[in-house]
Structures are given as structure tokens and as C-alpha cells.
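Q: heads up, no residue letters with this:
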């Protein structure tokens with residue numbers, strides 16, 4: 001496949017920054033879309049982009065041969081925004097969408113399902129990636145898990161004994177790079193998981209072993225769980241979205257393992273144990289004195 005210029009949405013986020021770095025390392029020219037563009041680096045040109053300011057779109061995607069997009073989780077009009085953005089990039093002949101695990105089983109009217117439909121019906125070549133729960137939520141996303149783990153040694157997840165196939169965001173990025181730079185992925189969807197399914201209690205045990213701290217799984221009831229997410233300061237729509245995800249956890253929607261990471265990247269997906277030993281052993285603070 002001929003090397004091209006790839007526009008990466010959310011280029012400073014958990015997935016986008018890794019997609020950007022991996023593409024650049026492969027010699028691909030990247031237009032890294034962000035609300036706060038910094039200085040360019042080798043193969044990377046940061047460009048101003050804001051979903052809320054459509055006047056930034058055309059210049060941002062100018063010259064892009066391919067687009068890497070993420071889902072807008074809580075916006076009812078996400079599908080319309082995606083359709084207009086793709087239309088603003090007439091040169092882009094390939095759209096790779098990072099959706100979410102299980103969206104193919106969601107009602108057709110669900111926001112993410114409508115986004116997938118827009119991508120499939122865009123008239124461009126398309127590839128859809130559906131990752132399971134991202135491991136990096138445990139150390140990078142304060143609103144989801146990271147702050148409570150870091151400050152209180154607590155992992156809030158009203159999940160009981162239900163499991164998920166947690167996937168390392170680096171494997172998601174590698175899969176995206178493969179889809180963008182190698183042949184054979186047009187018109188295909190991939191479900192990205194780690195090598196095993198785990199309960200959230202097992203996740204807490206694994207993070208505890210790696211960090212040398214006691215990190216407790218808080219199997220919260222509905223009211224407590226909602227209050228925990230509300231403390232993030234995120235909008236109510238985001239809190240509702242997170243609560244819906246745990247409905248799906250309890251329905252075993254995420255209890256699955258696939259070989260799609262291996263098929264796309266040529267390497268096995270990283271395990272939670274590998275992630276925890278690397279991230280929590282090297283970055284964890286001293287144990288809290290408030291551990292019960």
C-alpha cells in the first residue's frame with residue numbers, strides 16, 4: 001500500500017496519541033488533530049480541530065488521504081457530525097473508525113450504531129475497529145478509574161462476577177496502523193480484545209500485585225456507582241453512558257476474546273498482567289495510609 005497522509009482525531013487522547021506515534025514511527029505523514037496544536041515533530045503536523053467549531057474542519061483535514069475517527073459517545077447528533085466531517089475531506093478515500101465492542105449488537109438508533117452506519121454508507125473505503133474495555137482507563141482516565149485508584153486505592157465497578165476482555169490501547173493503535181497502512185481491510189470490522197476475560201475483582205488483584213498496594217474492587221450498588229462517576233464533573237449524559245456500559249457488563253456483552261489483534265498486527269495482544277507490571281510497578285505512589 002502506498003504511504004499516505006493520515007488525519008488522526010483526538011491525537012492527544014488515549015488512543016489517538018498512540019496511533020499518531022505509531023504511524024509516525026512507520027514513516028507515515030500524520031495530521032494530528034487537536035484543540036491545542038503544538039509544534040510539529042518528525043512526520044507529525046499538529047492541526048487545529050474542534051468538533052464544536054465547524055470552521056476548523058476543512059483546514060484541519062485538508063490533504064488527508066485517510067481519516068482515523070473515534071466515536072462521540074454521548075452526543076445524539078454524532079452521526080450528523082461524522083457525515084459532515086467526512087464530506088469536508090473529499091480527498092480521503094479511507095475512513096478507519098474506532099467504535100466500541102458490542103456496537104454491532106446495539107439498536108440501530110443508538111448513537112454509536114448510527115455513526116458506524118454513516119461510515120459504512122460514506123462512499124469511502126472503511127474499516128471499523130471495536131475495542132473492548134481499555135486497560136489505560138486504569139492509569140490515564142481520571143474520570144473513569146484512574147483518580148480513585150491513585151488517590152483512594154479503589155476500583156469502582158458495579159460488575160459482580162461478570163467479565164470483560166480488557167485490551168491494551170497500544171494494541172488498538174497497532175491494529176489501527178495495520179488497517180491504515182496494509183491491504184485487505186476495506187469493508188471489514190474487527191473486535192479487539194485482550195488474551196483473556198477477567199472480572200473487575202481480578203483486575204484489582206492484578207493492579208495490587210504490581211503496585212505493592214491494596215487496591216480494592218468496590219462492587220458498588222447503582223446509587224453509589226452513579227455518585228462515583230458524577231464526582232468526575234463530567235456532564236450527566238456521560239454519567240448515563242457509563243452506567244449503561246455497566247448494564248452491558250452485567251449482561252456479559254464484554255465477556256469475549258477474539259484473535260483480531262493477532263490477525264491485524266501479527267502479534268499477540270498484551271495481557272493485563274503485562275500492562276500492570278509495566279505501568280503500575282513504575283508509576284504507582286507510595287501506599288495510602290487510609291487503606292482499610
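A: Cool, the structure landed. Everything numeric here is computed off the predicted structure, so don't read it as measured data.

Q: Can you report how many residues neighbour residue 55?
A: A count of neighbours around residue 55, defined by other C-beta atoms under 10 Å, yields 8. To be clear about C-beta, it is placed using only N, CA and C from the backbone, and glycine gets the same treatment.

Q: Same check on residue 108?
A: Using other C-beta under 10 Å: residue 108 sits among 8 other residues.

Q: just residue 76 next, same as before
A: 11.

Q: Distance check, it against residue 144.
A: Separation of residue 76 from residue 144 (C-beta to C-beta, to the nearest Å) stands at 22 Å.

Q: isn't residue 157 right next to residue 221, touching?
A: No - in this structure, residue 157 is not within contact of residue 221 by C-beta atoms under 8 Å, at 11.9 Å.

Q: So for these two, which residue has more residues nearby?
A: Between residue 157 and residue 221, counted using other C-beta under 10 Å, the more crowded position is residue 157 (24 against 9).

Q: wait, what's in contact with the closest residue to the more buried one other than its chain neighbours?
A: Using C-beta to C-beta, 6 or more residues apart in numbering and skipping residues adjacent in sequence, the residue nearest residue 157 is residue 200, 3.8 Å away. Neighbouring residues of residue 200 by C-beta atoms under 8 Å, 6 or more residues apart in numbering: 155, 157, 159, 164, 217, 219.

Q: Give me the phi and psi angles of the fourth one.
A: Backbone dihedrals for residue 164, given as degrees, to the nearest 10, come out at phi -140, psi 160.

Q: is it in a bridge, and if so with what?
A: When bridges are called by DSSP bridges, residue 164 pairs up with residue 198.

Q: Then the fifth one?
A: Taking DSSP bridges, one obtains residue 155 as the residues bridged to residue 217.

Q: who's in contact with residue 215?
A: Contacts of residue 215 by C-beta under 8 Å, 6+ apart are 149, 153-155, 204, 207-208.
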